[in-house]
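Peer 1: can't give you the sequence, but here's the structure:
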């Protein structure tokens, strides 16, 4: 059997540490999903060689995954490259239409966007990013890729910090090892201290981290049994809403809204 590369060895070790039987795990399915996830902004079209290098997977394995995805209609071949097909939207649609959190939160985001005249977003944690599952913006042009499904770095965003703050100490250390290994111990300790503050105060405020001139404030969203399931934020340019506005006007409304809808989140 061919020797695994370091990335596959790490994935296998992490997988085998779980409760599932290793024999029940489909590496073929895993690699097919990795191929789908490899298409990103700036990398909309990728060749077999591109994918092999990016994922650290043998080209023959990439080829089999791509041909299967082409056959199923999720990927479109173009000359020597491949791109995602519209059918992949069905996967996102299935999540959004069957997830009660998304159904409850979209009207909430719409109302808050109308009240403050700026973006309102709900997100869940997905690896190193906070991924948006409901979002509303004022009536203005929205850059492609910045709606539902858009991702922001978890440790640098208010949404992400609220989401990570729900992890216990062991989960946090494992999360940092798996997704933020570039940080040195001092940086990890600093992030841990920040998240401890977020957990204690019940919100996160971040300015100029994800985008210069932009700041946001986020609060946890808890379901009926008090388990945190998502985060909700208001984001704005500093010109539209000041820092004082965020704390004095926005934060109390976000906290009131989350209390009101908690019983609807199951």
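Peer 2: Noted; the coordinates are in hand. Computed from a predicted model, the values in this text were never measured in an experiment.
Peer 1: check which helix or strand residue 220 maps to.
Peer 2: Residue 220 is part of strand 214-222, with elements assigned from DSSP states H and E.
Peer 1: helices or strands next to that strand in the packing?
Peer 2: helix 158-164, strand 204-207, strand 228-237, helix 251-261 (3 or more C-beta pairs under 8 Å, 6 or more residues apart in numbering; DSSP states H and E). (Each C-beta comes from the backbone N, C-alpha and C, glycine too.)
Peer 1: dump these into TSV; add mean pLDDT and mean neighbour count as well.
Peer 2: Rendered in TSV, the data for the helices and strands packed on strand 214-222 read as follows (pLDDT from 0 to 100; neighbours: other C-beta atoms under 10 Å):
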stretch	mean pLDDT	mean neighbour count
helix 158-164	95	29
strand 204-207	95	20
strand 228-237	94	24
helix 251-261	95	15
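Peer 1: figure out which of these is closest to residue 121.
Peer 2: Shortest distance between residue 121 and those, using C-beta to C-beta, is found for strand 228-237: 5.4 Å.
Peer 1: ranges for the strands of the stretch 51-200 of the chain?
Peer 2: 75-78, 81-84, 119-126, 129-136, 151-153 (DSSP state E, counting those that start in this stretch).
Peer 1: OK, contacts around residue 246?
Peer 2: Contacts for residue 246 were tallied using C-beta atoms under 8 Å, 6 or more residues apart in numbering; they are 205, 215, 216, 217, 234, 236.
Peer 1: if we go to 6 Å?
Peer 2: Under the criterion of C-beta atoms under 6 Å, 6 or more residues apart in numbering, the contact partners of residue 246 comprise residue 217.
Peer 1: tell me which of the strands of the stretch 51-200 of the chain sits most buried.
Peer 2: When the strands of the stretch 51-200 of the chain are scored by mean count of other C-beta atoms under 10 Å, the highest mean neighbour count falls to strand 119-126 (a mean of 24).
Peer 1: other residues contacting it?
Peer 2: Strand 119-126 is contacted by residues 105, 109, 112-113, 130-137, 159, 163, 230-235 when judged by C-beta under 6 Å, 6+ apart.
Peer 1: next, count neighbours for residue 203.
Peer 2: Using other C-beta atoms under 10 Å, residue 203 has 22 neighbouring residues.
Peer 1: swap in the one 10 residues further on?
Peer 2: A count of nearby residues for residue 213, using other C-beta under 10 Å, gives 10.
Peer 1: next one: residue 193
Peer 2: Counted by other C-beta under 10 Å, the residues lying close to residue 193 total 10.
Peer 1: with residue 186 instead?
Peer 2: Taking other C-beta under 10 Å as the criterion, the count of residues near residue 186 is 8.
Peer 1: can you check the one 3 residues further on too?
Peer 2: Residue 189 is flanked by 11 other residues according to other C-beta under 10 Å.
Peer 1: try the one 5 residues further on
Peer 2: Residues near residue 194, counting by other C-beta under 10 Å, number 16.
Peer 1: skipping adjacent residues, who's closest to it in space?
Peer 2: Taking C-beta to C-beta, 6 or more residues apart in numbering as the measure, residue 194 lies nearest to residue 161, with 6.7 Å between them; neighbours along the chain are not counted.
Peer 1: hmm, residue 205 and the one you found touching each other?
Peer 2: No: using C-beta atoms under 6 Å, residue 161 is not in contact with residue 205, being 9.1 Å away.
Peer 1: now do the helices in this structure.
Peer 2: 6-16, 27-37, 48-55, 59-72, 89-98, 100-116, 158-164, 169-179, 185-201, 243-245, 251-261 (DSSP state H).
Peer 1: tell me which of those helices is the most buried.
Peer 2: Ranked by mean neighbour count, with mean count of other C-beta under 10 Å as the criterion, the helices of the chain are topped by helix 158-164 at a mean of 29.
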